[in-house]
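>>> Okay, predicted coordinates and the sequence, questions at the end:
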Amino acid sequence: MQSPSKPFDLAIIGAGPAGAYLAYRLATAGVKVALFDPKAPWEKPCGGGITHKAWSRFPLLTDPALARNEVDHSLQISPGNHFWVVSEGHPLYIVDRKDLSALMLAKAVEAGAVHYPLAVEKVETWGSKLRLATADEDFYTSFVVGADGVHSLVRRYFLGPLPAERTLTSIVQFYEGGPADPVLMEVTPFPGYVWSFPRQKYLCVGAGAMERGHQIKPALERFLARYYPGRRPYNTMQGALLPYMKDKAAYREPRIGPNWALIGDAAGFCDTLTGEGILYAVWSADLLAEAFLAERRAQYDQAWRKAFGRHLRWGAWAAKYLYSPRNIDRLFTQMTVCPTFHRTMIDFVWNLPSYPWLLSKLMLSLPRIYWQWRRFRRAGGAIDRKLLHQFETMADKVKMTWP
Ligand SMILES: Cc1cc2nc3c(=O)[nH]c(=O)nc-3n(C[C@H](O)[C@H](O)[C@H](O)COP(=O)(O)OP(=O)(O)OC[C@H]3O[C@@H](n4cnc5c(N)ncnc54)[C@H](O)[C@@H]3O)c2cc1C
């Protein structure tokens with residue numbers, strides 16, 4: 001890459017978790033990196049939840065400088081008021097995105113990446129190179145990485161725009177609150193959900209829908225009135241999109257070409273079931289860094305599909321089934337009354353098992369799940385108090401009872 005004064009080996013557009021982590025990895029290995037982002041560090045509309053599978057893989061996400069709220073349980077509520085207490089056995093960390101953004105950008109710059117606080121307005125082929133146009137200056141590079149989020153300019157130039165049906169719409173707003181508030185996720189009567197993630201100084205609340213045309217703002221307002229009455233907003237409401245690996249085409253599409261690559265949201269890497277994207281942003285950056293440093297860039301496509309691509313595809317497929325009110329009522333009950341099924345689902349959603357392993361575990365567990373379910377039915381639908389214990393601890397806070 002050439003600017004008037006400095007030569008670079010590659011340009012990264014976007015300094016979110018994906019771009020900043022790639023810049024950090026490559027710059028640490030001595031690669032000359034230019035990182036473009038006019039907003040970083042900033043508070044991206046997001047829950048800020050960092051799961052165990054993310055922080056255990058990437059220790060940078062547990063840096064002591066990053067303030068966090070640690071949460072052990074969350075309450076998942078279905079449209080018919082059935083519920084499921086998720087307890088992964090490891091805390092979920094909830095952070096401010098601005099803090100995460102500042103930490104990751106600082107690590108990239110310390111490692112030697114050069115941050116240009118500029119928006120890239122255009123990417124185009126320029127002879128054997130690529131031209132990146134900003135408002136005041138043009139930059140030339142032989143390789144560009146799109147880490148520029150769901151509206152990626154790099155994706156648009158090399159693959160075309162991300163189709164609207166491969167995105168989920170969402171809104172986010174902060175309210176009065178703090179670490180003592182519960183983490184809740186309520187499935188809406190339309191395919192979607194509303195959630196609350198308490199941060200250190202306030203409560204972050206969001207709503208999302210898997211299809212266009214649903215009323216997510218009234219759903220968020222009803223959720224607030226029910227579980228957090230009287231809370232005043234802390235900022236203005238913001239809208240944001242999440243990528244959704246909806247179909248086979250989205251899975252099969254290349255994420256790397258001779259002079260470009262996509263990572264994070266720009267590559268469409270987000271878990272539809274949970275909305276988790278920070279892990280896949282950092283993980284895809286890590287896999288691309290490995291491929292780049294080993295001078296086997298083309299292997300990146302194989303690497304992300306093997307590491308997490310199939311999981312995202314399955315998650316998107318399962319979400320279509322799960323975010324239906326009838327199915328989710330039944331499923332939440334099953335997970336509460338069948339501890340064996342609960343454990344298998346925790347593994348499926350949070351522990352990234354291999355699918356053959358998961359399937360064989362499920363098959364082996366079927367007799368036990370059957371007996372647990374039968375015991376519940378025989379008791380006339382009454383739930384063993386022991387199983388309700390975790391729920392009751394949380395339910396006090398939101399004044400809920402089992403239907
Ligand atoms: C409502 C909501 C809630 C979410 N909650 C969670 C959660 O709790 N946990 C979780 O793991 N994930 C969550 N996600 C997903 C997560 O926010 C994303 O998956 C993650 O931020 C993706 O990181 P990224 O680096 O790929 O993209 P981004 O974080 O979107 O970063 C892209 C960067 O590119 C920059 N950029 C864009 N265009 C240009 C340009 N032309 N020139 C220069 N720079 C540019 C932007 O300024 C931005 O900083 C949530 C998402 C939404 C929408």
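Nice, thanks for sending it over. Residues are numbered from 1 along each chain as shown.
>>> so what's whatever residue of the stretch 51-200 of the chain ends up closest to the ligand up against?
Nearest residue of the stretch 51-200 of the chain to the ligand, counting by Cβ to the nearest ligand atom: residue 149, 3.1 Å away. Using the backbone N, CA and C atoms, a C-beta is placed for each residue, glycine as well. Contacts for residue 149 (Cβ atoms under 8 Å, 6 or more residues apart in numbering) come out as 14, 16, 264-266.
>>> 6 Å instead?
265-266 (Cβ atoms under 6 Å, 6 or more residues apart in numbering).
>>> Does it fall in a helix, a strand, or a coil region?
Recorded secondary structure, residue 149: coil (DSSP: H, G, I helix; E, B strand; the rest coil).
>>> Report pLDDT for it.
Residue 149 is assigned a predicted lDDT (pLDDT) of 98.
>>> next one: the one 3 residues further on
At residue 152 the predicted local distance difference test score is 98.
>>> now it: how far from residue 219?
Look at residue 152 and residue 219: by Cβ to Cβ, to the nearest Å, they are 28 Å apart.
>>> residue contacts, the residue lying closest to residue 153 once chain neighbours are set aside?
In space, and not counting its chain neighbours, residue 153 is closest to residue 123: 5.8 Å by Cβ to Cβ, 6 or more residues apart in numbering. Residues in contact with residue 123 (Cβ under 6 Å, 6+ apart) are 132, 153-154, 157.
>>> picking that back up, more neighbours: which of residue 152 and residue 219?
With neighbours defined as other Cβ atoms under 10 Å, residue 152 and residue 219 compare such that residue 152 has more, 26 against 21.
>>> can I assume the more buried one is in contact with residue 266?
Yes - contact criterion Cβ atoms under 6 Å: residue 152 and residue 266 qualify, at 3.6 Å.
>>> Could you name every residue contacting both of the two?
residue 146.
>>> quick one: the strands in the stretch 301-403 of the chain?
Per DSSP state E, counting those that start in this stretch, the stretch 301-403 of the chain has no strands. Nothing in it meets that criterion.
>>> For the ligand, what is the nearest residue in it?
Closest residue of the stretch 301-403 of the chain to the ligand, Cβ to the nearest ligand atom: residue 312 (11.2 Å).
>>> go on, the stretch 1-150 of the chain?
residue 16 (2.2 Å).
>>> Return the distance of that residue relative to residue 208.
Separation of residue 16 from residue 208 (Cβ to Cβ): 18 Å.
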